[in-house]
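[1] my questions are about this predicted structure, shown below with the sequence.
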Amino acid sequence: MRIAIVGQQDFGKAVLEAFLARGDQVGAVFCAPEKEGARPDALRAAAQDKGLKVHQFKSLRAPEAAQAMKEAGADIGIMAFVLQFAPQEFVAIPKHGTIQYHPSLLPKYRGPSSINWPISRGDAETGLTVFRPTDGLDEGAVILQKRTPVGENDTLGTVYFERLFPLGVQAMLEAADLVVAGKHQEAVQEESRASYEGWFREAEARIHWAQHVDAIHNLIRGSDPAPGAWTTLNGVKLQLFDSRKELVRTFGAVRGKIGEVLALEDGRLVIAAQGGRIHAGKAKLGDGKKLAAADLVASGAIQAGQLLGN
């Protein structure tokens, strides 16, 4: 088949390479322009290295973008990690329209941070959806979905890079084949099950130690590796990673004040929380590097008895 890729960065590159590896033709690649000083876009660089036609329009609404899509002569458009708005007059141009990847089980978790939110809320399952892009954000008909469990200690990093990324690449191939062959089905999203969440950024990643240990553990996991759940130590930002939780079973087992650094145990920073203790394996203090908790303690930067979040 002949495709047009719309996307960016490593996921877009992986999808491009997967189609090329099985012999599909690429009529054009559409990438958002890089911001000044940003690292080269991985998809753009890979496409240019392979001698493919690459377009970087500031807006896909531009008439020039539609003309470029027409000239691509694609059987199907493939949207792989797209942050630009793609209007219907653009996505409808390929012979069989366009399909788009989204890393959640739509209609839940529409929006730009759809991996962070389910983990931070303690969901035991997430997944990905391949759907038809519409003018509504993540609201189009569903073509294909893949599910994956979320373990108690899974992080954004493990869920995405170990499952949703490779599963997503294969799902785009599978969905494209179904659509071009006319063997797919499209299911309208059930609005009663829908949710939209915005960006999961620094403000959303702040730790409030008065919350239950379950909520704090989930927040750290949903922010790991980015944006990084954080608190403060003597007024300096302290990010925590690689979390484990320990529940307190009896009153007699309670130790310290909420938010207090209790000890370094088995290489992990132990912090008192409501209902239990957080065991953080890695941390980053201020502008320093992310370090193993044991290294940070050994440096003297953090000590037992200190209170976090003041």
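    In hand now; what should we look at?
[2] I'd say R163 and T148 touch.
    Yes: when contacts are counted by Cβ atoms under 8 Å, R163 is listed as touching T148 (4.5 Å). Where you see a C-beta, it was placed from the backbone N, CA and C, and this is true even at glycine.
[3] so between these two, which is more surrounded?
    Legend: neighbour count by other Cβ atoms under 10 Å for R163 and T148, higher for R163 (20 against 16).
[4] tell me the spacing between the more buried one and L106.
    R163 sits at a distance of 17 Å from L106 (criterion: Cβ to Cβ, to the nearest Å).
[5] tell me, how many residues neighbour the closest residue to L83 other than its chain neighbours?
    Distances taken as Cβ to Cβ, 6 or more residues apart in numbering place A32 nearest to L83, at 6.3 Å, with adjacent residues excluded. Neighbourhood size, A32 [other Cβ under 10 Å]: 20.
[6] got the contact list for A32?
    A32 makes contact with 8, 41, 56, 83-84, according to Cβ atoms under 8 Å, 6 or more residues apart in numbering.
[7] try 7 Å
    The contact partners of A32, by Cβ atoms under 7 Å, 6 or more residues apart in numbering, come to 8, 56, 83-84.
[8] generate a ChimeraX selection restricted to the buried subset of the residues you listed.
    The ChimeraX command for the buried members of the contacts of A32 (criterion: 16 or more other Cβ atoms under 10 Å) is given here:
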select :8,84
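[9] check pLDDT for the contacts of A32 and point me to the minimum.
    Going through the contacts of A32 one by one, the lowest pLDDT turns up at L83, 89.
[10] separation between that one and G198?
    When distances are taken as Cβ to Cβ, L83 and G198 turn out to be 14 Å apart.
[11] likewise R110?
    Distance of R110 to G198, given as Cβ to Cβ: 10 Å.
[12] the more surrounded of the two?
    Applying other Cβ under 10 Å to R110 and G198 shows that R110 carries more neighbours, namely 19 against 10.
[13] from what I can see the more buried one touches D138, true?
    Yes: at 3.8 Å, R110 counts as touching D138 under the criterion of Cβ atoms under 7 Å.
[14] okay, helices next: where are they in the stretch 151-300 of the chain?
    Applying DSSP state H, counting those that start in this stretch to the stretch 151-300 of the chain gives helices spanning 156-159, 165-180, 213-222, 293-298.
[15] ranking those by burial, who's on top?
    Using mean count of other Cβ atoms under 10 Å, the stretch among the helices of the stretch 151-300 of the chain with the largest mean neighbour count is helix 213-222, at a mean of 24.
[16] packing partners of it?
    With contacts defined as 3 or more Cβ pairs under 7 Å, 6 or more residues apart in numbering; DSSP states H and E, the secondary structure elements packing on helix 213-222 are helix 116-120, strand 236-247, strand 276-285.
[17] what's the most buried one of the ones you listed?
    The most buried one of the helices and strands packed on helix 213-222 (mean count of other Cβ under 10 Å) is helix 116-120, showing a mean of 24.
[18] what helices and strands are in contact with that one?
    helix 156-159, helix 213-222.
[19] just put these in CSV and tack on mean pLDDT and distance to V169.
    Listed next are those as CSV, based on pLDDT from 0 to 100; distance: least, Cβ to Cβ, whole Å:
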stretch, mean pLDDT, distance to V169
helix 156-159, 98, 15
helix 213-222, 98, 23
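[20] for A205, phi and psi?
    Dihedral pair for A205: phi -90, psi 10, per degrees, to the nearest 10.
[21] next one: stretch 262-272 to chain centre, how far?
    Shown here is stretch 262-272, whose average C-alpha point lies 29 Å from the average C-alpha point of the whole chain (Cα atoms, centre = their mean, to the nearest Å).
[22] for stretch 214-234, same thing?
    Distance of stretch 214-234 from the chain centroid (Cα atoms, centre = their mean) equals 15 Å.
[23] just the CA trace of it, in CSV.
    This file holds the C-alpha atoms of stretch 214-234, laid out as CSV (Å, rounded to 0.1, in the frame of the first residue of the first chain):
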residue,chain,number,x,y,z
ASP,A,214,-1.8,4.7,47.8
ALA,A,215,-2.4,8.1,46.1
ILE,A,216,1.2,9.2,46.5
HIS,A,217,2.6,6.0,45.2
ASN,A,218,0.3,6.2,42.1
LEU,A,219,1.3,9.8,41.6
ILE,A,220,5.0,9.0,41.6
ARG,A,221,4.4,6.1,39.2
GLY,A,222,2.3,8.2,36.8
SER,A,223,5.0,10.9,36.8
ASP,A,224,8.0,8.6,36.3
PRO,A,225,10.0,9.5,34.3
ALA,A,226,8.2,12.7,33.4
PRO,A,227,7.2,15.2,34.6
GLY,A,228,8.6,13.7,37.9
ALA,A,229,6.5,13.8,41.1
TRP,A,230,8.0,16.3,43.4
THR,A,231,8.0,17.8,46.9
THR,A,232,10.4,20.1,48.6
LEU,A,233,13.3,19.7,51.0
ASN,A,234,14.2,22.9,52.9
